[in-house]
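Q: With the input below, show me the fold.
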Amino acid sequence: MTAVDSRTVPSAPQVERPGRLVALLVGAAFVVILNETVMGVALPDLMTEFDVAATTAQWLTTAFLLTMAVVIPVSGWLLTRLPLRTVFVAAMSSFTLGTAIAAAAPVFSVLIAGRVVQAVGTALMMPLLMTTILNVVPAERRGQMMGTVSIVISVAPAIGPTVSGLVLDRLSWRWIFLLVLPIAVAALAVGATWVRNVTEPRRTPLDVPSVVLSALAFGGLIYGLSSIGESAAGHTPVAPWMPITVGALSLAAFVRRQLALRERALLDLRAFATPAFSIAVALVSVSMMALFGTLILLPIYLQDVLGRTTLETGLMLLPGGLVMGLLAPLVGRLFDRVGPRPLVAPGAAVASVALWLMSTVLDTGTAVSTVIAVHVLLTVGLAFMFTPLMTSALGSLPARLYSHGSAIVGTVQQVAGAAGTALFITVMTGVSTSAASGTPTIEALADGVHAAITWGAVVSSVAVVVALLVRRPRPVVVG
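A: Numbers count the residues shown, from 1 in each chain. All right, here's what the predicted structure looks like:
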């Protein structure tokens, strides 16, 4: 037998109608990830019905993110240890059960529990989807398929507020879950029949200390970063530096243990030894910071500065999400032809220009059309980054690291999203409160928005330089 390079990946397994399998997984992933951002718009209604404060209601989102941060790192081990169909059924069963619990929740604590159970399924779906694509789709067509995946990653969170705004305009908050429930049940039933085991499970022991360190590391970082904005406004009982410190120390211990465990690692960090993977993951982090930062900031700006309603705000953000979704398959096909750098470098530049424009044009009298235009420009830039970066990152790894690479990317996305939210909200709150000497006025809030987006623009400028280092993954060599 001819020797095979360590980066060599086997040819994709022969799977009957792989397009159908990928379409099912993409649809299921879209539904579950959509739920990551649907609750923000519903918080006022929930605060009234359950008589809870804003800091308590915010746990509907915080608990969801914390659960994902804890479960995603474990998904790499699960996808290595268990058959693909088993993981899919577990993921969709958990999401379906959580949706039913949330829809019927009689008290707020039960609603929180439903969101946690939902998040377990959501955390498993994206690594499962990406691992499947890497195993069944030939390298020369992965860009096109990953373009479809980018719709899930970027568009589902982007249109979450729009969907919930449309529902809440006519129906109660329970319908956010009731409308999703039959879709989840159908996906579970069809998937149990269609999904095939395209991976070879390996008997890898579960390292319990790694699980504990992972939960403390990523849970602490997500919680601490998510609490920074509330702390700036004086609304959090725990100082953010405490969970962030615990998270950082636990992360250092987690990294050290994973490198020592090597093949037995919960999350095999040797993926970072591949330069293409490391560079792409760094840029994905910046992209997610920009996306989630603007997703949290623009609704505040539109509602509290421009005085728009919840429904109007959701509809104004919809064009950006749709543009990103429409561009993703096109960018995927272009990637297969020209590789990542001709797409990522211009995309990073466009995204940076959009953020710099936002930092200057968004004020108390900005026209709605201007807000929509700069938001669409931002999503165009991000659309040209997500697909090439994801494909380059995972396509550069050997097959044995596919599941771990997918889990690493998913974990980084969650931490980066929380960091982007923390950065934007903290700067906005600090500047607006200082400018208004206590209670932010509309003008002070607009100043805070300017300052926050300016920081985002500075970070994006660094990404423009790093984007020049992106390279096409090395050709697959089969021995």
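
Q: following the host helix or strand of Thr193, which helix or strand comes up?
A: If you go by DSSP states H and E, Thr193 is part of helix 181-194. Proceeding N to C from helix 181-194, the next assigned helix or strand is helix 208-232, under DSSP H and E.

Q: from the chain's centre, how far out does whichever helix or strand comes after that following helix sit?
A: Next along the chain after helix 208-232, taking DSSP H and E as the criterion, comes helix 241-261. With Cα atoms, centre = their mean, to the nearest Å as the basis, helix 241-261 stands 22 Å off its chain's centre.

Q: helices or strands next to helix 241-261 in the packing?
A: Contact analysis of helix 241-261 by 3 or more Cβ pairs under 8 Å, 6 or more residues apart in numbering; DSSP states H and E lists helix 208-232 as its packing neighbours. (Glycine included, C-beta is placed from N, CA and C.)

Q: how much does the helix it packs on deviate in direction from helix 241-261?
A: Angle, helix 208-232 to helix 241-261, by axes from the mean of the first three to the mean of the last three Cα atoms, to 10 degrees: 150 degrees.

Q: What mean pLDDT does the helix or strand hosting Val284 get?
A: Per DSSP H and E, Val284 falls inside helix 275-300. Mean pLDDT, helix 275-300: 81.

Q: list the helices and strands it packs on?
A: In this structure, helix 275-300 packs against helix 156-170, helix 310-338, helix 341-361, helix 368-395, helix 402-436, helix 442-466, with contacts taken as 3+ Cβ pairs under 8 Å, 6+ apart.

Q: Check what contacts the helix holding Thr193 and list those residues.
A: Under the criterion Cβ atoms under 8 Å, 6 or more residues apart in numbering, residues 20-21, 24-25, 27-28, 31-32, 85, 88-89, 92-93, 95-96, 99-100, 103 lie in contact with helix 181-194.

Q: Just the residues you listed: which are in helices?
A: Among the contacts of helix 181-194, the ones falling in helices (DSSP state H) are 20-21, 24-25, 27-28, 31-32, 85, 88-89, 92-93, 95-96, 99-100, 103.

Q: just the buried members of these?
A: 21, 24-25, 27-28, 31-32, 85, 88, 92-93, 95-96, 99-100, 103 (16 or more other Cβ atoms under 10 Å).

Q: Just flag the most distant two among the residues you listed.
A: Farthest pair in those (Cβ to Cβ) is Leu21 and Ala103. Separation: 28.9 Å.

Q: quick one on the thing from earlier: let me know the angle separating the helix holding Thr193 from helix 84-104.
A: Interaxial angle of helix 181-194 relative to helix 84-104 (the same axes, to 10 degrees): 170 degrees.

Q: list the buried ones in helix 181-194?
A: Buried-residue list, helix 181-194, by 16+ other Cβ under 10 Å: 183-184, 187-188, 191, 194.

Q: for the record, mean pLDDT for that helix?
A: On average, helix 181-194 scores 88.

Q: again, but for stretch 119-139
A: Here the average pLDDT along stretch 119-139 is 82.

Q: okay, it in PDB with CA atoms only?
A: C-alpha atoms of stretch 119-139 as PDB (Å, rounded to 0.1, in the frame of the first residue of the first chain):
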ATOM      1  CA  ALA A 119     -30.200  23.800  23.600                       C
ATOM      2  CA  VAL A 120     -28.800  20.200  24.100                       C
ATOM      3  CA  GLY A 121     -30.200  19.200  20.700                       C
ATOM      4  CA  THR A 122     -29.200  22.500  19.100                       C
ATOM      5  CA  ALA A 123     -25.600  22.000  20.300                       C
ATOM      6  CA  LEU A 124     -25.300  18.600  18.600                       C
ATOM      7  CA  MET A 125     -26.800  19.500  15.300                       C
ATOM      8  CA  MET A 126     -24.200  21.700  13.700                       C
ATOM      9  CA  PRO A 127     -21.200  19.500  14.400                       C
ATOM     10  CA  LEU A 128     -23.300  16.600  13.200                       C
ATOM     11  CA  LEU A 129     -24.100  18.400  10.000                       C
ATOM     12  CA  MET A 130     -20.600  19.500   9.200                       C
ATOM     13  CA  THR A 131     -19.100  16.100  10.000                       C
ATOM     14  CA  THR A 132     -21.600  14.400   7.700                       C
ATOM     15  CA  ILE A 133     -20.800  16.700   4.800                       C
ATOM     16  CA  LEU A 134     -17.100  16.200   5.200                       C
ATOM     17  CA  ASN A 135     -17.600  12.400   5.100                       C
ATOM     18  CA  VAL A 136     -20.100  12.100   2.200                       C
ATOM     19  CA  VAL A 137     -19.300  15.100  -0.100                       C
ATOM     20  CA  PRO A 138     -16.100  15.000  -2.400                       C
ATOM     21  CA  ALA A 139     -13.600  17.800  -1.700                       C
END
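
Q: Show me which residues of it are buried.
A: Those would be 119-137, 139, for stretch 119-139 by 16+ other Cβ under 10 Å.

Q: Repeat that for stretch 327-340.
A: Within stretch 327-340, the residues that qualify as buried are 327-329, 331-332, 334-336, 339-340, counting by 16+ other Cβ under 10 Å.

Q: Let me know the next secondary structure element after the least confident helix or strand in the chain by mean pLDDT.
A: Taking mean pLDDT, DSSP states H and E as the measure, the helix or strand of the chain with the lowest value is helix 54-57, at a mean of 70. Heading C-terminal from helix 54-57, the first helix or strand you meet, by DSSP H and E, is helix 59-81.

Q: center of the chain - which residue?
A: By Cα atoms, centre = their mean, the chain has its centre lying nearest to Gln413, at 4.9 Å.

Q: my read: it touches Val286, true?
A: No. If you go by Cβ atoms under 8 Å, Gln413 and Val286 don't touch, sitting 11.4 Å apart.

Q: re earlier: can you redo the helices and strands packed on helix 275-300 as TSV with distance to Gly293?
A: Shown next, in TSV, are the helices and strands packed on helix 275-300 (distance: least, Cβ to Cβ, whole Å):
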stretch	distance to Gly293
helix 156-170	12
helix 310-338	14
helix 341-361	9
helix 368-395	10
helix 402-436	4
helix 442-466	5
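
Q: Just put those helices in CSV and tack on distance to Val38 and mean pLDDT.
A: As requested, those are arranged in CSV below (distance: least, Cβ to Cβ, whole Å; pLDDT from 0 to 100):
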stretch, distance to Val38, mean pLDDT
helix 156-170, 4, 77
helix 310-338, 10, 82
helix 341-361, 24, 90
helix 368-395, 19, 87
helix 402-436, 15, 77
helix 442-466, 23, 85
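
Q: For Thr67, find the nearest of these.
A: helix 402-436 (10.1 Å).

Q: Now do the closest one: distance to the chain's middle.
A: With Cα atoms, centre = their mean as the basis, helix 402-436 stands 11 Å off its chain's centre.

Q: List the buried residues for that helix?
A: Neighbour counts over helix 402-436 (16+ other Cβ under 10 Å) mark 402-433, 435-436 as buried.
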